[in-house]
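Colleague: take this sequence and fold it.
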Amino acid sequence: MLAIKIYRISNFLYERKIPLIPKLLVYLNYFLFNSFIPASTKIGEQSKFAYGGIGVVLHSKAIIGSRCIIGQGITIGRKLSSVGVPTIGDDVYIAAGSRLLGNIKIGNNVIIGANSVVVHDVPDNCIVAGSPAKVVRNIDVSIYELMDGLFEI
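Modeller: Got it, this is the predicted structure:
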């Protein structure tokens with residue numbers, strides 16, 4: 001069973017206010033995939049984790065759009081401040097090892113390069129990379145066309 005499936009079940013139970021089982025499923029994800037994916041995190045339809053979701057850490061209040069692909073070793077969370085977590089749009093590919101931190105908004109149709117550290121808002125239709133991440137290219141096609149069907153949704 002993949003981490004996203006365990007998350008979907010835990011989120012379903014969490015939304016229906018069923019006690020204890022969602023928390024046990026979060027721990028199961030941690031045990032199986034070394035990932036912390038809280039049941040309260042909002043992950044859109046058809047989004048998935050690459051490589052099953054190994055090493056993913058998500059903040060409990062993070063919002064992730066539809067058709068997103070989250071690579072291994074990703075952190076989506078807050079900075080030292082106690083307020084503000086990332087909001088991620090639709091059709092976003094987050095490559096391995098990236099960190100998305102703070103009260104930021106990631107636009108739609110975005111590719112975030114491997115090991116990038118994103119601490120500022122990212123506009124729609126672009127590729128960002130680096131530490132701190134900067135726009136390296138604007139795009140006018142779907143990210144899935146650019147990736148040549150690497151990940152079919």
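Colleague: looking at L150 now. What's its pLDDT?
Modeller: Turning to L150, the model gives it a pLDDT of 63.
Colleague: same deal with N115?
Modeller: For N115, the model assigns a pLDDT of 97.
Colleague: and what of I127?
Modeller: I127 is assigned 97 on the pLDDT scale.
Colleague: from R78, how far off is E45?
Modeller: 25 Å (C-beta to C-beta, to the nearest Å). C-beta: built from backbone N, CA, C; applies to glycine.
Colleague: which of those two has more residues huddled nearby?
Modeller: R78 (16 against 10; other C-beta atoms under 10 Å).
Colleague: what about A96, how many residues nearby?
Modeller: 16.
Colleague: ok, now T41?
Modeller: Using other C-beta under 10 Å, T41 is surrounded by 21 other residues.
Colleague: and it, backbone torsions?
Modeller: The phi/psi pair for T41 (degrees, to the nearest 10) reads phi -60, psi 140.
Colleague: could you report the separation of it from I54?
Modeller: Noted for T41: a distance of 17 Å to I54, by C-beta to C-beta.
Colleague: what segments of the chain are strands?
Modeller: Assigned by DSSP state E, the chain shows strands spanning 42-43, 48-49, 57-58, 63-64, 69-70, 75-77, 87-88, 92-94, 99-101, 105-106, 110-112, 117-118, 126-130, 133-138.
Colleague: how about those in a markdown table, adding mean neighbour count?
Modeller: Below are the strands of the chain laid out as a markdown table (neighbours: other C-beta atoms under 10 Å):
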| stretch | mean neighbour count |
| --- | --- |
| strand 42-43 | 18 |
| strand 48-49 | 21 |
| strand 57-58 | 21 |
| strand 63-64 | 19 |
| strand 69-70 | 26 |
| strand 75-77 | 20 |
| strand 87-88 | 22 |
| strand 92-94 | 25 |
| strand 99-101 | 23 |
| strand 105-106 | 19 |
| strand 110-112 | 25 |
| strand 117-118 | 21 |
| strand 126-130 | 18 |
| strand 133-138 | 14 |
